[in-house]
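>>> pasted the sequence and its predicted model underneath.
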Amino acid sequence: MKIAVARAVAVVVDRGDYGIDRSLGELKALAGTTEIEIISEVVQQRASENPASYIGTGKLEELCEIVSELDADLVLVDDEITAAQMNKISESTGVEVKDRTGLILEIFARHADTSEGKLQVEIAQLKYRLTRLAGSRTSLSRLGGGIGTRGPGETKLETDRRTIRNRIINLEKKLKRVNDRRQVTSKRRKKSGLPIISFVGYTNVGKSSLINALSGSDLAAENLLFVTLDPAVRTFRYENKKALLVDTVGFVERLPVHLVEAFKSTLSIMNDSDLIVKVSDATDADWRKKLEITDKLIADMGATDIEQISVFNKCDLLKGDGYLPGIRVSAATGEGLEMLCQEMANKLDAGKIKMEILIPFENTEVFHRMMSKGDIISYEYTDNGIETVVEVEMKK
């Protein structure tokens with residue numbers, strides 16, 4: 001269990017364009033992932049943010065008093081703000097300031113394990129920083145490599161922008177090479193003939209725990225946001241069937257545009273799927289809104305034509321029998337997993353027919369190949385060969 005080591009005051013402008021309580025609750029969970037405890041909240045209702053200080057002058061004074069009285073270490077802004085606004089709040093309060101986007105980027109940077117994930121995060125961080133250079137006071141010389149040498153008549157701001165843009169270009173070239181290799185791996189996976197089932201949903205709904213329960217694997221599964229960033233693949237066996245289960249990065253509301261762009265390539269494995277399992281938290285009062293976010297991202301990825309199953313995890317923690325439009329399961333207790341397995345098998349079987357074929361003994365390699373793909377339902381050795389019952393997918 002992680003211990004909070006920084007005390008923060010959360011601040012947000014309520015413009016009426018999204019649910020503030022839900023967003024602040026999410027910010028609290030994000031902060032907890034980075035050992036930050038939110039000890040107070042400051043909310044200001046106004047039509048638009050103050051261009052200089054994000055919140056109004058009076059509210060900024062109130063924030064300063066709260067930070068001082070509670071001896072806070074940090075101000076967390078539940079929004080993406082400019083560098084100038086961040087500097088103004090920091091100067092006024094005397095403590096460090098982070099915004100929602102910066103916090104999410106920090107979490108992603110902590111949890112990226114693969115070369116692809118690390119490249120995606122760094123590109124997103126640089127694009128985030130590029131939009132904030134005018135108000136920033138930080139030198140970019142450490143990006144270095146001789147790229148940032150100032151040209152004739154070039155200001156430091158122009159030099160910094162050029163340094164970042166060149167770094168982004170180089171990283172995107174590296175990312176393309178990594179993506180190309182991943183596409184080759186994806187094609188091999190499809191060529192194996194095993195169906196692919198992608199588990200998608202809001203972060204921290206228990207996708208990894210569910211895959212562990214179904215496959216007997218040991219994916220990292222903690223009660224923290226964004227534990228999974230890079231797609232993880234596990235083998236699933238049910239009765240005589242085999243499939244590949246894919247764990248994907250979780251979603252959040254108002255995910256920074258830098259990260260949406262960066263992680264589309266990671267989520268593209270969803271488009272190669274034969275089935276999408278949408279996982280929600282049965283105990284979350286906001287499951288409808290979060291399911292909408294999941295559906296929107298699936299649509300944005302162009303994957304709406306793929307068969308889907310809606311699943312509500314953590315049903316063992318439910319109090320009462322409220323309406324839930326999906327299969328109720330518990331990765332912790334195993335409740336509902338048999339029903340989920342059967343439904344996944346039914347979805348994968350749709351459009352398939354059974355056939356009886358005789359495989360001569362001289363063609364046993366065909367038999368073993370079909371066995372590895374899970375196409376064979378039953379078989380019997382006879383004098384003439386192997387009498388086999390197989391499942392064959394009908395061409396559309």
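Arrived safely, thanks for sending.

>>> so where do the strands sit in the stretch 201-350 of the chain?
Under the criterion DSSP state E, counting those that start in this stretch, the stretch 201-350 of the chain contains strands at 232-238, 241-247, 275-281, 308-313, 327-328.

>>> could you give the angle of the fourth one to strand 275-281?
If I follow you right, that is strand 308-313. 30 degrees (axes from the mean of the first three to the mean of the last three C-alpha atoms, to 10 degrees).

>>> show me what strand 308-313 is packed up against.
helix 207-215, strand 275-281, helix 287-300, strand 327-328, helix 337-349 (3 or more C-beta pairs under 8 Å, 6 or more residues apart in numbering; DSSP states H and E). For glycine as for every other residue, the C-beta is placed from the backbone atoms N, C-alpha and C.

>>> could you dump that strand to PDB, C-alpha only?
Taking Å, rounded to 0.1, in the frame of the first residue of the first chain, the C-alpha atoms of strand 308-313 are listed here in PDB:
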ATOM      1  CA  GLN A 308     -18.900  -6.700 -28.100                       C
ATOM      2  CA  ILE A 309     -19.800  -7.900 -24.600                       C
ATOM      3  CA  SER A 310     -20.500  -5.600 -21.700                       C
ATOM      4  CA  VAL A 311     -19.200  -6.800 -18.300                       C
ATOM      5  CA  PHE A 312     -19.600  -5.400 -14.800                       C
ATOM      6  CA  ASN A 313     -16.700  -6.400 -12.600                       C
END
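
>>> got the contact list for it?
With contact meaning C-beta atoms under 8 Å, 6 or more residues apart in numbering, strand 308-313 is reached by 205-206, 209-210, 275-282, 287, 291, 298, 324-331, 340, 343-344, 347.

>>> who does that strand pair up with?
strand 275-281 (parallel), strand 327-328 (parallel) (DSSP bridges).

>>> let me see the domain layout of this structure.
In the domain annotation for the chain, the residue ranges read 6-106, 112-179, 193-349, 352-393 (automatic domain parsing).

>>> would you list these in a markdown table and tack on mean pLDDT and mean neighbour count?
Formatted as a markdown table, the domains of the chain follow (pLDDT from 0 to 100; neighbours: other C-beta atoms under 10 Å):
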| stretch | mean pLDDT | mean neighbour count |
| --- | --- | --- |
| domain 6-106 | 93 | 18 |
| domain 112-179 | 74 | 15 |
| domain 193-349 | 82 | 18 |
| domain 352-393 | 78 | 14 |
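
>>> on the three-state scheme, Tyr18 is what?
Using DSSP: H, G, I helix; E, B strand; the rest coil, the structure places Tyr18 in coil.

>>> still on that earlier bit, and the strands of the stretch 201-350 of the chain: which comes nearest Ile36?
strand 275-281 (22.0 Å; C-beta to C-beta).

>>> now find how far off-centre that closest one is within its chain.
Relative to its chain's centre, strand 275-281 lies at 13 Å (C-alpha atoms, centre = their mean, to the nearest Å).
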